[in-house]
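**Q** Sequence unavailable; structure follows:
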């Protein structure tokens, strides 16, 4: 029996892809091994959204290339093959299968069961190493020291497993002290509702890798939701590159999907992540009353506003205005305070002035998010912003990011 080895250096979406590949290979007669050197086929899922993630992905590829047997085949999938294939080719002559072309793995495996017949998983729980990597990576936002360790040892399964164990133990101890015992770190069920998006943000390299919107049918998502309830899950995370544009390619919409989800009886909460503000504005009349009415069923929303300056938003190609989204978020916070609102900022986009930065600070203060994460701007290959004039000096970006971290309780991601 041929053996295969997988490693996910990407986000939770690529983690779900990795588990689907595992299922695909196993159903076609392959055996999963945790020993890289004994694998006949090695699959590395990558990320290229920011430079730090690209570096981690390249380290994983380089490590696999160095440790693999001479006869084994190394396949690189995920986002990086479409974002920066040159960097991968510098490490060796590998088989590149971008996420958008993932079904091309059939050409390599020549399977009895084609990849398209393998159902997409809705939980990473079945992939121990995938889960450990994603959970361990989430700790990076809380500690710069740990982030440095993760960047060095993140591919070591013992390191990530130990990190998760320590994290779980600390959470358990904290729960004992507070009287709320909940040792779970990942208590939610992930449902991928779509792939791709309909936007064209100037800084985004992910669009180059994922492509346009491809929504799953509502019935399929509802069936998976019910299966998750039957398995005892109480928290469901809706996943897509942009959940807000869900269904616009198939005659549906996110409000339509949520209305049907909320009609299902049960004790659960829904998490809505990566919701582009432009859709929250256009869907306001239908969505916000729905959220308020079902606020007990919504755990959190992640709306990446990126900037509080209309000038910056226009240059970024974000297609929304700061005051519009601010008013909507304030209304949700006032009428449904139980819904946790999170956001992310992009600091140092080309042309950002001190006045623009002040507008962003005012925006954050005006909403009162439960969590704000910060990314420092950096050029990514082939993005429109990489060719823009007016690049902000690194020391200025660092000063602004440091201010947000020290004075506004923001978490620096990259």
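**A** Looks like it came in fine. Not measured: the values here are computed from a predicted model.
**Q** which residues touch the residue nearest the centre of the chain?
**A** Centrality entry for the chain: nearest residue to the mean C-alpha point is residue 11, 4.7 Å, by C-alpha atoms, centre = their mean. If you count contacts by C-beta atoms under 8 Å, 6 or more residues apart in numbering, residue 11 has them with 47, 49, 134. (Glycine included, C-beta is placed from N, CA and C.)
**Q** Scan those and report the most crowded one.
**A** Ranked by neighbour count (other C-beta atoms under 10 Å), those have residue 47 at the top, with 24 neighbours.
**Q** What's the first helix or strand after the top strand by length along the chain?
**A** The strand of greatest length in the chain, counted in residues with DSSP state E as the criterion, is given as strand 340-347. Secondary structure here is assigned by DSSP states H and E; on that basis, the next helix or strand after strand 340-347 toward the C-terminus is helix 354-367.
**Q** Touching that following helix from outside, list them.
**A** Outside of helix 354-367, the residues that reach it under the criterion C-beta under 8 Å, 6+ apart are 305, 307-312, 322, 326, 329-330, 333, 341, 343, 345, 347, 372, 400, 404, 408, 410.
**Q** Can you check what angle separates whatever helix or strand comes next after it from helix 354-367?
**A** Under the assignment DSSP H and E, the closest C-terminal helix or strand after helix 354-367 is strand 371-376. The directions of strand 371-376 and helix 354-367 differ by 160 degrees, with axes from the mean of the first three to the mean of the last three C-alpha atoms, to 10 degrees as the criterion.
**Q** picking up where we left off before, can you spell out which helices and strands pack onto the longest strand of the chain?
**A** Contact analysis of strand 340-347 by 3 or more C-beta pairs under 8 Å, 6 or more residues apart in numbering; DSSP states H and E lists strand 298-302, helix 322-335, helix 354-367, strand 371-376, helix 394-407 as its packing neighbours.
**Q** May I see these arranged in JSON lines, with mean pLDDT, distance to residue 157 and mean neighbour count as well?
**A** Listed next are the helices and strands packed on strand 340-347 as JSON lines, based on pLDDT from 0 to 100; distance: least, C-beta to C-beta, whole Å; neighbours: other C-beta atoms under 10 Å:
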{"stretch": "strand 298-302", "mean pLDDT": "95", "distance to residue 157": "28", "mean neighbour count": "20"}
{"stretch": "helix 322-335", "mean pLDDT": "95", "distance to residue 157": "40", "mean neighbour count": "17"}
{"stretch": "helix 354-367", "mean pLDDT": "95", "distance to residue 157": "38", "mean neighbour count": "17"}
{"stretch": "strand 371-376", "mean pLDDT": "93", "distance to residue 157": "26", "mean neighbour count": "19"}
{"stretch": "helix 394-407", "mean pLDDT": "93", "distance to residue 157": "31", "mean neighbour count": "15"}
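**Q** Any idea which of the ones you listed gets closest to residue 216?
**A** Go through these one by one with C-beta to C-beta and the one that ends up closest to residue 216 is strand 298-302, at 19.7 Å.
**Q** Thought residue 136 was touching residue 164, still the case?
**A** Yes - between residue 164 and residue 136 a contact is recorded at 6.0 Å, counting by C-beta atoms under 8 Å.
**Q** Put together TSV for the helices and strands packed on strand 340-347, with distance to residue 278 on each row.
**A** Supplementary listing: those in TSV, determined by distance: least, C-beta to C-beta, whole Å:
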stretch	distance to residue 278
strand 298-302	15
helix 322-335	9
helix 354-367	16
strand 371-376	19
helix 394-407	24
